[in-house]
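Following is a predicted model, sequence given first.
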Amino acid sequence: MIKKERKYTYFEAGEGTPIIVLHGLMGGLSNFDGVANYFPSKGYQVIIPELPIYTQSLLKTNVKAFARYVKDFITFKGLERVILVGNSLGGHIGLYFTKQYPELVRGLVITGSSGLYESAMGESYPKRGDYEYIRKKAEDVFYNPEVATKEIIDEVFATVNDRIKLLKTLTIAKSAIRHNMANDLPKMHVPTCIIWGKQDKVTPPEVAEEFKKLLPNSELYWIDKCGHAAMMEEPDQFNALLFGWLSEKKL
């Protein structure tokens, strides 16, 4: 189901109201398998673009440029108003996109999102050559460390030991701090669904509460025994909460 057209690589399934999924810094398209399998049968078109996190120039390695990339992709696909679903950095891109282009967004869904909490992405990987250290870091993303498969750990290890990718990771971390959304959120009235793992160590629960407080048209839902990537760790609960919210908001 992966398509490559022009400069875009993306997954697409289903027909109906478009849901655009935005993955995080270390996250690939497969992180959202649960969403991709569930929503096409519910009358939604699920589209997951591969974000150019490590492929754009350093000058375009920032939250603002990624939001612009998503805007260009939506234009390329001929979509009018979409539902954005973002995890971690993807949530931050979704928030910034919604600030810049509110007319294109029917609804926004964030889970484990950066945008308020600086250290979410400011990790400098001091022991990046140490596989055990990276394994522990990857396991900390989840409540259940077994979700961090060897494949996931290997991918993170390879990323942080690639000099260019590490430089871009740190550039994105600085950009996330620069694009703190605290002053913007009270002016954003797009319906927003906040789904958060109660045991998220990367963006702790108080970050979700702060998003809820600052976003005027938002609902907050918790998933217990769940870390930073709720859609991966508890896909059934995540989908049920998201579908319930979409139905309630008639989106």
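It's in. Residues are numbered from 1 along each chain as shown.

Can you name the residues that contact the residue lying closest to Leu108 once chain neighbours are set aside?
With Cβ to Cβ, 6 or more residues apart in numbering as the criterion, Leu108 has its nearest non-adjacent residue at 4.6 Å, and that residue is Thr192. Backbone N, C-alpha and C define where each C-beta goes, glycine included. Contact analysis of Thr192 by Cβ atoms under 8 Å, 6 or more residues apart in numbering lists 107-110, 211, 215, 217-219.

gap between Thr192 and Pro18?
Taking Cβ to Cβ, to the nearest Å as the measure, Thr192 falls 17 Å from Pro18.

ok so, going back, out of the contacts of Thr192, who's nearest Phe97?
If you rank those by distance to Phe97 using Cβ to Cβ, Leu108 comes first, at 8.5 Å.

Please name the residues that touch that closest one.
Leu108 neighbours (Cβ under 8 Å, 6+ apart): 83-84, 86, 94-95, 98, 190-193.

gap between the residue nearest to Leu108 and Ser218?
Using Cβ to Cβ, Thr192 is found at 4 Å from Ser218.

shared neighbours, those two?
Between them, Thr192 and Ser218 share these contacting residues under Cβ under 8 Å, 6+ apart: Phe211.

Quick one: distance of stretch 195-203 to the chain centre.
Offset of stretch 195-203 from its chain centre (Cα atoms, centre = their mean, to the nearest Å): 13 Å.

For the residue nearest to Ile134 when sequence neighbours are not counted, which three-state class applies?
With sequence-adjacent residues excluded and distances taken as Cβ to Cβ, 6+ apart, Ile134 is closest to Phe157, at 4.7 Å. Following DSSP: H, G, I helix; E, B strand; the rest coil, the label given to Phe157 is helix.

Also Asn183?
Assigned by three-state DSSP, the conformation of Asn183 is coil.
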